[in-house]
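Engineer: Build me a structure from this.
(chains A and B)
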Number of protein chains: 2
Amino acid sequence: MARIAPLSGFPELLPAQRYVEQEVIATLARTFELHGFANIETRAVEPMDQLLRKGDTSKEVYVLRRLQEIDGGKDAGIGLHFDLTVPFARYVLENAGKLEFPFRRYQVQKVWRGERPQEGRFREFTQADIDIVGRDDLPFHHDVEVARVMLEALARLTFLPGFRLQVNNRKLIQGFYAGLGVTGDAIDEVMRLVDKLDKLDPATVRQLLLDEAGVSEEQADKALALATIRTTDDTFVEQVRALDVTHELLDEGLDELATLVRACGPLATDTVRIEADLSIARGLDYYTGTVFETRLDGFESLGSICSGGRYDALASDGRTTYPGVGISLGVSRVLVPLVQRGVLSADRSVPSVVLVAVADEDTRFEADAVATSLRANGIPCEVAPSAAKFGKQIRHAERRGIPYVWFGSEVKDIRSGNQVAADPATWQPPTEDLRPQVVITSNDTETTEGKSS
Amino acid sequence: MARIAPLSGFPELLPAQRYVEQEVIATLARTFELHGFANIETRAVEPMDQLLRKGDTSKEVYVLRRLQEIDGGKDAGIGLHFDLTVPFARYVLENAGKLEFPFRRYQVQKVWRGERPQEGRFREFTQADIDIVGRDDLPFHHDVEVARVMLEALARLTFLPGFRLQVNNRKLIQGFYAGLGVTGDAIDEVMRLVDKLDKLDPATVRQLLLDEAGVSEEQADKALALATIRTTDDTFVEQVRALDVTHELLDEGLDELATLVRACGPLATDTVRIEADLSIARGLDYYTGTVFETRLDGFESLGSICSGGRYDALASDGRTTYPGVGISLGVSRVLVPLVQRGVLSADRSVPSVVLVAVADEDTRFEADAVATSLRANGIPCEVAPSAAKFGKQIRHAERRGIPYVWFGSEVKDIRSGNQVAADPATWQPPTEDLRPQVVITSNDTETTEGKSS
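Structural biologist: Coordinates of the predicted model:
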């Protein structure tokens, strides 16, 4: 056996850690299905010409070739997908005649990027995406819908830190710049520069606006003023109006964003908040209206862990255009740092509620029969691997976090030591013992980053 | 957008087809967890030196390189896994200090092989594996356990054709050949040739045994006689004894196989059978005791769709050896032919039980409130995308297979036309409507292969 070592950027989880991930994915899936989203999976590979449509991500693609193949063989044109949006757009076009629109789908799959690994960045990671795609048109109320569905899903992940969903609207930004008198390519350039406010201070961005976008001082000041507006309700509208800029597209964007914030406000909980943040632009993507980003409380350095927006042309075959709106949660991006630092785990490493003890190998069949009875009632269990001393069998359960050990006609809660007579045909554990529980083992946050093991 | 076409060997499913796959995977997972198997996932890639340990599969590996990387860069040494056993063995070694042994795990993931695509063979497909791995030793009762767990799981897949689990034991075969006087490398050679009985007629195999393995006519005849033995109970033992061959290893193999068959017999159902089939050898793999293969009734041309066995050295780091026993179900191999031929589907393409109709856009909030009430009771639903005429909204539900449409304060079962007053806070559909149902749309089997669409 060759040398064994982890591969940087390809995180793997131990069983109790994986249980946390399964719980997250199951919670997301349950919420998405309650809202009528159907699950699909797409193949891991796409033709390279599909993957390279966005020039700026080309460096991140893993290209495949068969081992026995001469370079440039007929398979040389495929690579691993780097997101779930490109494959979904292709799936919609390929199956358009067999799908019903508007089509709601969720997709939870691994994606791959040949990036340099660093904190929160992986070469293989899991994303959970929801999108709604229409044929020819897609009413704005679907933008509200995807935001509400994702907020509801995040609110159910009660063992995670809080989430802050930040929303904005490209029409609002572009209409505002147009109303300021910025025109043509300069609109995109201003948007690109303002998007740097999360890395550069306002004075530097202002200078770049003057030098690189060639706008006036007044235009630069108002563009920066717009980007500082941040409200948890629709009062951002007055603040924008106070900047005294008017444009039809601005009105449309203000109206859409106000509708979104008002509709999402009632879903806010202790751990999930929504805010209109007029600095959010998702500069490099092809969004045309609503845009989403999300910050994880205490882990702001991870950047946005749940992003998306409205594409007026998610896909097009030249004759028909498919507008879409969607949002993508970086499951690994949120979870891997938390489980690897030990902040989150499960209270056992196996699904088993009960270890059925074996008195001696000749009576293993009796233990098997107890286990079969318990399973018939939906109770996961396992039979001891050997007829060791009972103390050793109890330690076997303890090491795995299994709460109960069954001896003959009695069951012992090894946490309390309480042992009672029980019939395997009718015994039931308390509901909370039936499945492993996710446990928060510390309140480690970004402030202690690097200090924890 | 570039030309869109399916990639040969990379099957994808429509939403209703994917639902069937989800049901299969959920049923398997539920059964595996009832028996204490913990889920893990391993990364999609392994170092090439791990993947090439079995020389005969090297041609099937997809090698990865980053697009911007010069060939031979530091990533050139990774490829996509072609099964879940090689990654699992590596995972066990890498995490041996953090795992509890015997370690039961199940793993449901995609694997990739750069094969020439053909019926039932894919370049990307899903496998579901269970394995039990011990440290230093692993009692034989775990061989019985994995067989029983997989039989129980297959028996729950009632919408699939029947399964026939075929079991044998390498010790039995090798001990028999040794008892015949076949020695050294000739034992493996005889096993390899006898394994061809599923493709070649007995006379041809007999001639090969004489010519290539260099055994005597009596040895060839007895080796062939052994391979014809097939029983659904432990009577194979008498039949082997009647061939008048004795060897200590043969006795051990007979005893293990008889124990396995007796322990699994009671799990047989209408659709799941077990048989001792003494022709099964899994020739090219490194099994050392129990071996499993499985045939799907009516789809025998698919070959074995669920295989495995006992490895005395699943993994080893030179100091410690980890014996294992496991079995791997080819989920795609079984399902993709059935769903693509239309034999299996789901009765709706969305999770939604109810479509909430919208009377006009100004009252969409009322429909949203009904949907929120239904979801609070665990009822998946969606709100109509537009305030179209009610007839059009009903057709919207029909096309997706959604059984109920909600109008104001009434709910209509659009299958029966029955419409009743209902309160969204308390209404419940019949349990069988709560989730999509897998439906068998024809009894298409291999006899009609090629004729169906």
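Engineer: Give the buried residues for stretch A:328-345.
Structural biologist: A:328-339, A:341, A:343-345 (16 or more other C-beta atoms under 10 Å in any protein chain shown). In this view, the C-beta of every residue, glycine as well, is placed from N, C-alpha and C.
Engineer: now the end-to-end length of it.
Structural biologist: End-to-end distance for stretch A:328-345, by C-alpha to C-alpha, to the nearest Å: 24 Å.
Engineer: Tell me the residue in chain A that is farthest from the middle.
Structural biologist: Ranked by distance from the centre of chain A (C-alpha atoms, centre = their mean), the top residue is A:D362, with 50.6 Å.
Engineer: Show the contacting residues for that residue.
Structural biologist: For A:D362, no contacting residues are found, by C-beta atoms under 8 Å, 6 or more residues apart in numbering or on different chains.
Engineer: try A:R18
Structural biologist: B:38-41 are the contacts of A:R18 under C-beta under 8 Å, 6+ apart.
Engineer: Please apply the same query to A:A268.
Structural biologist: Residues in contact with A:A268, defined by C-beta under 8 Å, 6+ apart, are A:151, A:232, A:274.
Engineer: Only whichever of those residues are buried, select them in PyMOL.
Structural biologist: Buried subset of these, written as a PyMOL selection, criterion 16+ other C-beta under 10 Å:
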select buried, chain A and resi 151+274
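Engineer: Of the contacts of A:A268, just say which sits nearest to B:I132.
Structural biologist: A:L151 (42.2 Å; C-beta to C-beta).
Engineer: give me the subset of the contacts of A:R18 touching chain A.
Structural biologist: Among the contacts of A:R18, the residues lying close to chain A (C-beta under 8 Å from any C-beta of the partner chain) are B:38-41.
Engineer: and the nearest residue to A:E217 once chain neighbours are set aside, what pLDDT?
Structural biologist: The shortest distance from A:E217 to any non-neighbouring residue, by C-beta to C-beta, 6 or more residues apart in numbering or on different chains, is to A:L210 (6.9 Å). We have a pLDDT of 95 for A:L210.
Engineer: Might you list the low-confidence residue ranges for the stretch 51-200 of chain A?
Structural biologist: Within the stretch 51-200 of chain A, the stretches with pLDDT under 70 are A:54-59, A:68-76, A:117-120.
Engineer: Give me the pLDDT for the residue most central in space within chain A.
Structural biologist: Note on chain A: the residue nearest the mean C-alpha position is A:L329, at 2.0 Å, using C-alpha atoms, centre = their mean. What the model reports as pLDDT for A:L329 is 98.
Engineer: Put the buried members of the contacts of A:R18 into a PyMOL selection.
Structural biologist: Under the burial definition 16+ other C-beta under 10 Å, those of the contacts of A:R18 that qualify are selected in PyMOL by:
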select buried, chain B and resi 38+39+40+41
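Engineer: Of the contacts of A:R18, which is the nearest to chain A?
Structural biologist: B:A38 (3.9 Å; C-beta to the nearest C-beta).
Engineer: backbone phi and psi for the residue nearest to the closest one when sequence neighbours are not counted, please?
Structural biologist: Distance criterion C-beta to C-beta, 6+ apart; nearest residue to B:A38, sequence neighbours excluded, is A:P15 at 3.9 Å. Per-residue torsions, A:P15: phi -50, psi -40 (degrees, to the nearest 10).
Engineer: pretty sure A:P15 is touching B:I40, no?
Structural biologist: Yes: between A:P15 and B:I40 there is a contact under C-beta atoms under 8 Å: 5.8 Å.
Engineer: Return every residue with contacts to both of these two.
Structural biologist: Residues touching both A:P15 and B:I40 (C-beta under 8 Å, 6+ apart) are B:R105.
Engineer: re the thing from before, could the ones next to chain A among the contacts of A:R18 be laid out in TSV, adding secondary structure and pLDDT?
Structural biologist: Below are the ones next to chain A among the contacts of A:R18 laid out as TSV (DSSP: H, G, I helix; E, B strand; the rest coil; pLDDT from 0 to 100):
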residue	secondary structure	pLDDT
B:A38	strand	98
B:N39	strand	98
B:I40	coil	98
B:E41	coil	98
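Engineer: Can you give the distance of stretch A:339-350 from its chain's centre?
Structural biologist: Mean C-alpha position of stretch A:339-350 versus that of the full chain (C-alpha atoms, centre = their mean, to the nearest Å) differs by 19 Å.
Engineer: what does stretch A:252-260 contact?
Structural biologist: Identification of contacts with stretch A:252-260 by C-beta under 8 Å, 6+ apart yields A:140, A:143-144, A:147, A:167-176, A:234, A:236-237, A:240, A:276, A:289-290.
Engineer: now do 6 Å
Structural biologist: A:140, A:144, A:167, A:169, A:171-172, A:175, A:234, A:237, A:276 (C-beta atoms under 6 Å, 6 or more residues apart in numbering or on different chains).
Engineer: what do you get for stretch A:186-194?
Structural biologist: By C-beta under 6 Å, 6+ apart, stretch A:186-194 touches A:174, A:177, A:182, A:205, A:208-209, A:213, A:223, A:227, A:281, A:283.
Engineer: try 7 Å this time
Structural biologist: A:173-174, A:177-178, A:182, A:205, A:208-209, A:212-215, A:223, A:227, A:279, A:281, A:283 (C-beta atoms under 7 Å, 6 or more residues apart in numbering or on different chains).
Engineer: A:R65 and B:V63 touch, don't they?
Structural biologist: Yes: counting by C-beta atoms under 7 Å, B:V63 is a contact partner of A:R65 at 5.6 Å.
Engineer: burial measure for the closest residue to chain B within the stretch 101-250 of chain A, as a count.
Structural biologist: Closest to chain B within the stretch 101-250 of chain A is A:G114: 3.5 Å, counting by C-beta to the nearest C-beta. By other C-beta atoms under 10 Å in any protein chain shown, the residues close to A:G114 number 22.
Engineer: Provide a list of residues in contact with it.
Structural biologist: If you count contacts by C-beta under 7 Å, 6+ apart, then A:G114 has A:60-62, A:123, B:66-67, B:75 around it.
Engineer: Setting aside sequence neighbours, what's the nearest residue to it?
Structural biologist: B:R66 (3.5 Å).
Engineer: Could you do A:V370 as well?
Structural biologist: Going by C-beta to C-beta, 6+ apart, A:V370 has A:P424 as its nearest residue, at 4.5 Å.
Engineer: Pull up the per-residue confidence for the one you found.
Structural biologist: Reported pLDDT for A:P424: 98.
Engineer: how about the residues of the stretch 201-350 of chain A near chain B?
Structural biologist: Neighbours of chain B within the stretch 201-350 of chain A, by C-beta under 7 Å from any C-beta of the partner chain: A:315-317, A:349-350.
Engineer: Closest to B:L267 out of those?
Structural biologist: A:V350 (22.6 Å).
Engineer: Give the helix, strand or coil label for that closest one.
Structural biologist: Counting by DSSP: H, G, I helix; E, B strand; the rest coil, the backbone at A:V350 sits in coil.
Engineer: A:V237: what's it in contact with?
Structural biologist: Residues in contact with A:V237 (C-beta under 7 Å, 6+ apart) are A:254, A:258.
Engineer: just the one 3 residues further on next, same as before
Structural biologist: Taking C-beta under 7 Å, 6+ apart as the contact definition, A:V240 lies against A:226, A:229, A:254.
Engineer: could you redo the last one with a cut-off of 10 Å?
Structural biologist: Counting by C-beta atoms under 10 Å, 6 or more residues apart in numbering or on different chains, A:V240 touches A:172, A:176, A:225-226, A:229, A:250, A:253-254, A:257, A:276, A:278.
Engineer: Give me the three-state assignment for the residue nearest to A:V370.
Structural biologist: coil.
Engineer: ok, it touching A:T372?
Structural biologist: Yes: the pair A:P424 and A:T372 passes the contact test of C-beta atoms under 10 Å, sitting 8.4 Å apart.
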